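Novice: build me a model:
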Amino acid sequence: HHFLELGLGLCDSYQWKSDLVFSTFSREEANRIVRIPLARESYEDFMA
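Specialist: Numbering: from 1, shown residues only. Modelled structure (predicted):
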């Protein structure tokens, strides 16, 4: 639950908040995180 809240605060408008990511995590972890692609548009979340 806490990880989801943290993750939601690290991106905005389909982009990573790089300054926040790099100030929260080590450089190595932050580089891995910002390489994770984010959705380019909104979509309904569903379970398959």
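Novice: this protein: strands as residue ranges?
Specialist: Ranges of strands in the chain, per DSSP state E, are 11-12, 15-16.
Novice: and the ones you listed, which one is worst for confidence?
Specialist: Among the strands of the chain, strand 11-12 has the lowest mean pLDDT, at a mean of 78.
Novice: rewinding a little: make a markdown table out of the strands of the chain and add distance to residue 22 and mean neighbour count.
Specialist: Quick note: C-beta positions are derived from backbone N, CA and C, even for glycine. Formatted as a markdown table, those follow (distance: least, C-beta to C-beta, whole Å; neighbours: other C-beta atoms under 10 Å):
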| stretch | distance to residue 22 | mean neighbour count |
| --- | --- | --- |
| strand 11-12 | 13 | 14 |
| strand 15-16 | 10 | 14 |
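Novice: can you tell which of these is closest to residue 24?
Specialist: Closest to residue 24 of the strands of the chain, according to C-beta to C-beta: strand 15-16, at 11.2 Å.
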